[in-house]
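Asker: here you go, sequence then predicted model.
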Amino acid sequence: MTTFDGYKKTTRIVHGAARTGRWDYSHHVVPPLTASATFRLESVSRGARGFTEFGAFAGQDAAEPVYIYDRLDEPTRGLLESQIAAMEGADFCLAFASGMAAVSAALGALLQSGDEVIAHTLLYGCTHSLLTNWYPKLGIKVRRVDFTDAKAVAKAVTSKTRALYFESPVNPTLELVDLRLISEIARKASVGRKRRVYSVIDNTFATPFCQRPMEHGIDLVVHALTKNIGGFGTDIGGAVCGSKDVFPAVMSYRKDFGAVLSPKAAWSILVYGVPTIPLRIKRQQYTALQVAQFLAKHPLVAEVRYPGLDSFPQRELALRQMRDFDGGFAPGNMIYFRLDEKKVSGVKFVDHVAKHAYCVTLAVSLGHTKTLIEMPSAMTHSAYAGAGPMREHGGIRLSIGLESPVDLIKDLERSLSAVSGARRRRA
Ligand SMILES: Cc1ncc(COP(=O)(O)O)c(C=O)c1O
């Protein structure tokens, strides 16, 4: 059995657990890519044992598990899952075919008809769509509350509440939710209940490098692996992490709904994405701070939100809960800003960037090596149809990549001057 006790997370995610009861990759410097949809079972009784044992929490040290079929469990994905669980400090991680498959599974494993979910007013657009367009059809009631107001969340809890769901930082506005306060609400509300209340966070924006919600008492953590953990923009994937009591429900949900991560996608996230997270995010944070400072000083910019800026409205909370593996402040790689629409149009600016910038690309998604820009109200959050928290049209989201900050600022500056110049010439 590999021992990594006493080694830092930065080292652990490079080497992983090469030899466990579930696999032996100790002869490989790079783990192999397993590609077998089904597994030889050797006897009916061994096959039957596999099905009987499936879904029970066994952890890393399961003695010779019976692999049956890729959709149930398989070793390359297992190694990725063990790496993500180690980063989050979770008992388990299960990987899914996309971030949305993971969001659906985390909630789907907890909820049944008649239950209620309390969710933050602003969520990633497809999560908003899942909660507003699908859950009512399943008899699940969704209440929307501002999670930056913990008292309002506590007040909204009823005897039917089963999950508190949110993102922090929130996509796209980067508000923070106090993890400790929300986890306490879930814990207190669970006292004396047969079916407890779970706090569930989508930690995609922060990554486990910048924030480990379970250390603050949160029950379940969801990730879109497509973003910062995959890191290179080559694969779609998702993950759910939690404690062993919820493992059987999430595992059997994945088996039956079927949205499992393919070993091929797991392999590249495992080999390229995971070991490079600290390196990529530290570099992106360094750049994000310079870009955010440039934007904050620019006369055409009305507002900039980046948790690394001194002017960030929830700076104290950011300093408290956004901490990297070594305890350093880790404000992440996402920036949200609005232009002064009286002086310049955000749409025209983004269109100019899309046409003329070399190193800022108009595209949805985030957490990649390339810097991406988008307008959430028109794109990733269009499910809000310009209502509620998305009624203020024109905010711009930037996901900082690995380019030189000097070049990113050059491209942004050029487009800002061009669109403001065009307006001045017209006037
Ligand atoms: C915060 C957040 N959660 C979940 C998702 C969904 O991830 P996927 O596109 O892999 O389904 C996204 C996608 O942008 C996201 O931004």
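Answerer: Thanks, I have it.
Asker: closest to the centroid, which residue in this protein?
Answerer: residue 204 (1.5 Å; CA atoms, centre = their mean).
Asker: now that residue, nearest residue through space, not along the chain?
Answerer: Take residue 204 and drop its neighbours on the chain: the residue closest to it by CB to CB, 6 or more residues apart in numbering is residue 224, 4.5 Å away. Using the backbone N, CA and C atoms, a C-beta is placed for each residue, glycine as well.
Asker: next, give phi and psi for the one you found.
Answerer: Note on residue 224: backbone dihedrals following degrees, to the nearest 10 are phi -90, psi 110.
Asker: who's in contact with it?
Answerer: With contacts defined as CB atoms under 8 Å, 6 or more residues apart in numbering, residue 224 is in contact with 98, 99, 100, 102, 202, 204, 237, 238.
Asker: same check, this time on residue 170
Answerer: Contacts for residue 170 (CB under 8 Å, 6+ apart) come out as 120, 122, 123, 176, 177, 205.
Asker: can you do 6 Å?
Answerer: By CB atoms under 6 Å, 6 or more residues apart in numbering, residue 170 lies in contact with residue 122.
Asker: and what of residue 71?
Answerer: By CB under 6 Å, 6+ apart, the contact list for residue 71 reads residue 260.
Asker: from residue 87, how far out is it?
Answerer: 25 Å (CB to CB, to the nearest Å).
Asker: quick one: secondary structure of the residue nearest to residue 340 when sequence neighbours are not counted?
Answerer: In space, and not counting its chain neighbours, residue 340 is closest to residue 302: 4.3 Å by CB to CB, 6+ apart. Look at residue 302: counting by DSSP: H, G, I helix; E, B strand; the rest coil, its state is strand.
Asker: tell me the bridge partners for the residue nearest to residue 204.
Answerer: Beta-bridge pairing for residue 224 (DSSP bridges): residue 238.
Asker: could you identify the helix or strand that succeeds whichever strand or helix holds residue 372?
Answerer: According to DSSP states H and E, residue 372 maps onto strand 371-374. Per DSSP H and E, the first helix or strand lying C-terminal to strand 371-374 is strand 396-399.
Asker: who does that following strand touch, helix- and strand-wise?
Answerer: strand 334-339, strand 371-374 (3 or more CB pairs under 6 Å, 6 or more residues apart in numbering; DSSP states H and E).
Asker: try 8 Å
Answerer: Using 3 or more CB pairs under 8 Å, 6 or more residues apart in numbering; DSSP states H and E, the elements in contact with strand 396-399 are strand 334-339, helix 346-356, strand 371-374.
Asker: mind giving me CSV with these and columns for distance to the ligand, mean neighbour count and mean pLDDT?
Answerer: Output for the helices and strands packed on strand 396-399, formatted as CSV (distance: least, CB to the nearest ligand atom, whole Å; neighbours: other CB atoms under 10 Å; pLDDT from 0 to 100):
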stretch, distance to the ligand, mean neighbour count, mean pLDDT
strand 334-339, 10, 23, 98
helix 346-356, 17, 17, 97
strand 371-374, 10, 23, 98
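Asker: quick one: closest of those to residue 133.
Answerer: Between residue 133 and the helices and strands packed on strand 396-399, the shortest separation by CB to CB is 22.0 Å, and it involves strand 371-374.
Asker: show me how far the closest one is from its chain's centre.
Answerer: Relative to its parent chain, strand 371-374 has a centroid offset of 17 Å by CA atoms, centre = their mean, to the nearest Å.
Asker: what's the closest non-adjacent residue to the residue in the chain that the ligand sits nearest to?
Answerer: In the chain, the residue that lies nearest the ligand is residue 99 (2.2 Å; CB to the nearest ligand atom). Leaving aside its chain neighbours, residue 99 sits nearest to residue 224 (2.5 Å; criterion: CB to CB, 6+ apart).
Asker: helix, strand, or coil at residue 282?
Answerer: With three-state DSSP as the basis, residue 282 sits in helix.
Asker: is the helix or strand harbouring residue 94 positioned near the ligand?
Answerer: Here residue 94 sits within strand 92-96, counting by DSSP H and E. No. Contact of strand 92-96 with the ligand is not found when judged by CB under 6 Å from any ligand atom; the minimum separation is 8.7 Å.
Asker: helices or strands next to that strand in the packing?
Answerer: Against strand 92-96 (3+ CB pairs under 8 Å, 6+ apart) you get helix 75-88, helix 99-108, strand 238-242, helix 247-257.
Asker: tell me the angle the longest one makes with strand 92-96.
Answerer: What that stands for is helix 75-88. Angle, helix 75-88 to strand 92-96, by axes from the mean of the first three to the mean of the last three CA atoms, to 10 degrees: 130 degrees.
Asker: now for helix 75-88, which elements pack on it?
Answerer: Helix 75-88 packs on helix 9-15, strand 92-96, helix 207-210, strand 238-242, helix 263-268, going by 3+ CB pairs under 8 Å, 6+ apart.
Asker: give me the contact list for the first one.
Answerer: Translated: helix 9-15. If you take CB under 8 Å, 6+ apart as the criterion, helix 9-15 is touched by 2, 4, 83, 86, 87, 274, 275, 277, 278, 325, 326.
Asker: now, which of those sits nearest residue 397?
Answerer: Among the contacts of helix 9-15, and counting by CB to CB, the member closest to residue 397 is residue 277, at 20.7 Å.
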